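Visitor: Next one to model:
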Amino acid sequence: MTGMDERSRLLLKALVERYISEGQPVGSRTLSKASGLELSPATIRNVMADLEDLGLIVSPHTSSGRIPTAKGYRLFVDTMLTVQRDALNAPSLAPDQPQKVLANAAHMLSDMSHFVGVVMAPRRSMVFRHLEFLRLSDKRLLVIIVTPEGDVQNRVIFPDVDYTQAQLLETANYLNTHFSGIALDEVRAKLGSEVDRLRGEIATLMKAAVQVSAEVMSQDQGDVVISGEKNLLSVSDFSSDMGQLRRAFELFEEKAQLMRLLDVSVNAPGVRIFIGGESQVVPFEELSIVSAPYQVNGEVVGTLGVIGPTRMPYNRMIQIVDITSKLVTNALSHG
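Guide: Take a look at the predicted model:
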């Protein structure tokens, strides 16, 4: 975008803001008034042609006006957007049970944005605090896994060896003494290096227990709280195109895909904006996501955000997401 002059930038900014506000293709005459520049219609048409050549705007078939492309939105968001972060009067989130805080945050995001609020619940640590075996029958064992949070999970395994109660106790004691609180990937690696000095049948049982623990915890890796899906029914961009609306609702149903979208934001500080159509991150051209991570006691544990039409007021969405992430961080850290 280094080839763009200030006039082109001002006209692009005015076009994007006008389109976000009204949802209609912007013509040269409207753009002349919106930009405040004293330019002839011919000059504006030439600049718009240049912007179209750069892939920043496009002309719908049904209109002589232009609308922003994903690339145009991205340039606007990255270089032209100004946000007054202290202008938002948001409600507070009272410290309570974590799940209630997250549900309230999703409702708050939806209510303030009038779009869809999403909150990815904290991912649990992939460690166990305590592990036990219970012999159910020959070659059938119950593995009891206690997480650091105190949750108890049970899984049945079917080992090839019929272990005695003494062997089960020895294995559990070894795992609890040496590996409690250590990431399961690290436990697997250490077991691999210690296998030679452990008896073969005990080492095999340890590996099976660690494997089933990892499977249990990976299945319990958080969830997504969604609020306000029905808000999209009143968005003209979707109500006029049932195909787009259907794809949006399919995204909300497919929570695994939604979690992958939110996961991208976990390691990025501050608010991030993903514009539909610019990459595989948001696979739907008419949807954009404004998201931010939140923390518990200084550690990033999840992401929250607003999902709405690509034609959304990004400055306000940034304010809403930014302050909600701070409120959630505060409620969960001091609750």
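Visitor: May I have the residues that are in contact with Leu102?
Guide: By CB atoms under 8 Å, 6 or more residues apart in numbering, the contact set of Leu102 is Val119, Ala121, Val225, Gly302, Val328. C-betas here are computed from N, CA, C, even on glycine.
Visitor: now do 7 Å
Guide: Val119, Ala121, Val225 (CB atoms under 7 Å, 6 or more residues apart in numbering).
Visitor: Likewise for Ala70?
Guide: So Ala70 contacts Ile275, Gly276, Gly277, Glu278 (CB under 7 Å, 6+ apart).
Visitor: Out of those residues, flag the one nearest to Gln295.
Guide: Of all those, Ile275 has the smallest distance to Gln295: 25.6 Å, by CB to CB.
Visitor: Show me what the closest one is bridged to.
Guide: Judged by DSSP bridges, the bridge partners of Ile275 are Ser288.
Visitor: which residues sit in contact with it?
Guide: By CB under 7 Å, 6+ apart, the neighbours of Ile275 are Ala70, Tyr73, Arg74, Val282, Ser288, Thr310.
Visitor: Sitting in strands, which of those do you find?
Guide: The strands, defined by DSSP state E, take in Ser288 from the contacts of Ile275.
Visitor: Just want the most central residue of the chain.
Guide: The centre of the chain sits closest to Leu262, judged by CA atoms, centre = their mean, with a distance of 1.1 Å.
Visitor: domain parsing for this protein?
Guide: 6-80, 98-123+223-334, 130-219 (automatic domain parsing).
Visitor: picking that back up, mind giving me JSON lines with the contacts of Ala70 and columns for distance to Arg9?
Guide: Output for the contacts of Ala70, formatted as JSON lines (distance: CB to CB, whole Å):
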{"residue": "Ile275", "distance to Arg9": "18"}
{"residue": "Gly276", "distance to Arg9": "23"}
{"residue": "Gly277", "distance to Arg9": "22"}
{"residue": "Glu278", "distance to Arg9": "19"}
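Visitor: Can you tell me which of these is nearest Tyr314?
Guide: Nearest member of the contacts of Ala70 to Tyr314, counting by CB to CB, is Ile275, at 9.2 Å.
Visitor: Next, work out how far apart that closest one and Ser239 are.
Guide: Per CB to CB, to the nearest Å, Ile275 is found 21 Å from Ser239.
Visitor: Which stretches in this structure count as helices?
Guide: Using DSSP state H, the helices found in the chain span residues 6-22, 28-35, 41-53, 70-75, 98-113, 165-179, 184-194, 200-219, 236-239, 242-253, 255-263, 314-334.
Visitor: Distance of the residue nearest to Phe179 when sequence neighbours are not counted relative to Phe128?
Guide: Distances taken as CB to CB, 6 or more residues apart in numbering place Val187 nearest to Phe179, at 4.6 Å, with adjacent residues excluded. Noted for Val187: a distance of 9 Å to Phe128, by CB to CB.
Visitor: Compare those two and say which is more crowded by neighbours.
Guide: Phe128 (27 against 23; other CB atoms under 10 Å).
Visitor: For the more buried one, list the residues it contacts.
Guide: Contacts of Phe128 by CB under 7 Å, 6+ apart are Ile145, Val146, Thr147, Ser180, Ser213.
Visitor: lowest confidence element among the helices and strands of the chain?
Guide: helix 255-263 (a mean of 73; mean pLDDT, DSSP states H and E).
Visitor: If I take that helix and helix 242-253, what angle do their directions form?
Guide: Computed by axes from the mean of the first three to the mean of the last three CA atoms, to 10 degrees, the angle separating helix 255-263 from helix 242-253 equals 80 degrees.
Visitor: Residue numbering should commence at 385 henceforth.
Guide: New numbering, starting at 385: the last item is helix 639-647.
Visitor: List the buried residues of helix 639-647.
Guide: By neighbour count on 16 or more other CB atoms under 10 Å, the buried set for helix 639-647 is Lys639, Leu642, Met643, Leu645, Leu646.
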